[in-house]
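**Q** output the structure for:
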Amino acid sequence: MTDLPELRADPAPLPAAVLWDMDGTLIDTEPYWMAEEGELIARAGGTWTQEDAVELVGNSLLRSAEIILARTPVTGTPEQVVDTLLSGVVARTRAHLPWRPGARELLVECAELGVPCALVTMSWTPLADVLLEHLPPGTFATVVTGDQVTHGKPSPDPYLLAVERLGVDARDCLALEDSPTGVHSATAAQVPTIGIPHVVPIPEVTGMVTVPGLEGLSLQDLAELAATVR
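**A** Numbering: from 1, shown residues only. This is a model prediction of the structure:
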């Protein structure tokens, strides 16, 4: 992990926008996805290990569904598998929204400082909508979900779409990600990235710096970190 840099005489400017991953970064929904995967596969008579589940973290939902269909007795189309998993995760999240430590506070600070935020998630719109229901209107200036892009993470396309909608330069923004696929997506789009490992480790990637978590970090702290990878 990276220690916070010492404050400089000329503090780094705040980002033009903060681009947020959702699952595992903003809210701790990865256990919900893993539980739904396990139940779906068990109903089909198959088994699903923790290692299998971890391998899907950060993937597009259709890619995850393709892996499940290839490795287990589950039948149907990738879209049908996604619909089944998504409905279960939506129900769990609606019953309990599990915030990651420090995430909600950072969202509030961004709003107070007038720094726009974008949600860039490979989850589909129904799950993103559950999060948005718990936030003041306008918390996110734009929302990019996995069902809006042809190529999901680790492709740069989701982040490129977000910065295009915001009308900002990717290099002036800041991305927050918890998975290798997400980090590769953001850095490929030339967005300085803060990696926050949670369920899976994040390898060293050019254009990224890691922190143990968001709790206790201000937006200025993150801007200083992002300045070290620009």
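**Q** for the rest of this, base every contact and every neighbour count on C-alpha atoms.
**A** Will do.
**Q** which residues touch S179?
**A** Taking Cα atoms under 8 Å, 6 or more residues apart in numbering, we find S179 in contact with 57-58, 195-202.
**Q** recalculate using a threshold of 7 Å.
**A** 57-58, 197, 200, 202 (Cα atoms under 7 Å, 6 or more residues apart in numbering).
**Q** which one of those sits closest to R230?
**A** I202 (18.9 Å; Cα to Cα).
**Q** which residue packs closest to the closest one, ignoring adjacent ones?
**A** Counting by Cα to Cα, 6 or more residues apart in numbering, P180 is the residue found nearest to I202 once chain neighbours are left out, at 5.2 Å.
**Q** pipe the contacts of S179 into CSV and attach pLDDT per row.
**A** As requested, the contacts of S179 are exported to CSV (pLDDT from 0 to 100):
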residue, pLDDT
V57, 91
G58, 83
P197, 95
V200, 90
I202, 94
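**Q** which of these has the most neighbours?
**A** Counting neighbours by other Cα atoms under 10 Å, G58 comes out on top of these with 26 neighbours.
**Q** does that one belong to a helix, a strand or coil?
**A** The local conformation at G58, judged by DSSP: H, G, I helix; E, B strand; the rest coil, is coil.
**Q** hmm, back to that, and the contacts of S179 as CSV, adding distance to V144?
**A** Supplementary listing: these in CSV, determined by distance: Cα to Cα, whole Å:
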residue, distance to V144
V57, 18
G58, 15
P197, 22
V200, 23
I202, 23
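**Q** quick one: which of those residues is nearest G152?
**A** Nearest to G152 among the contacts of S179 is G58, at 9.6 Å by Cα to Cα.
**Q** right, and that closest one touches T181 too?
**A** Yes - in this structure, G58 sits in contact with T181. The criterion is Cα atoms under 7 Å, and the distance is 5.5 Å.
**Q** this structure: strands as residue ranges?
**A** Assigned strands in the chain, in chain order: 18-20, 117-120, 142-144, 174-177, 193-195, 208-210 (criterion: DSSP state E).
**Q** columns mean neighbour count on top of those strands, output as JSON lines?
**A** Formatted as JSON lines, those follow (neighbours: other Cα atoms under 10 Å):
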{"stretch": "strand 18-20", "mean neighbour count": "26"}
{"stretch": "strand 117-120", "mean neighbour count": "25"}
{"stretch": "strand 142-144", "mean neighbour count": "21"}
{"stretch": "strand 174-177", "mean neighbour count": "29"}
{"stretch": "strand 193-195", "mean neighbour count": "28"}
{"stretch": "strand 208-210", "mean neighbour count": "23"}
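**Q** mind putting the ones you listed in CSV, mean pLDDT and distance to A103 included?
**A** Converted to CSV, the strands of the chain look like this (pLDDT from 0 to 100; distance: least, Cα to Cα, whole Å):
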stretch, mean pLDDT, distance to A103
strand 18-20, 98, 10
strand 117-120, 98, 12
strand 142-144, 98, 17
strand 174-177, 98, 10
strand 193-195, 98, 13
strand 208-210, 97, 15
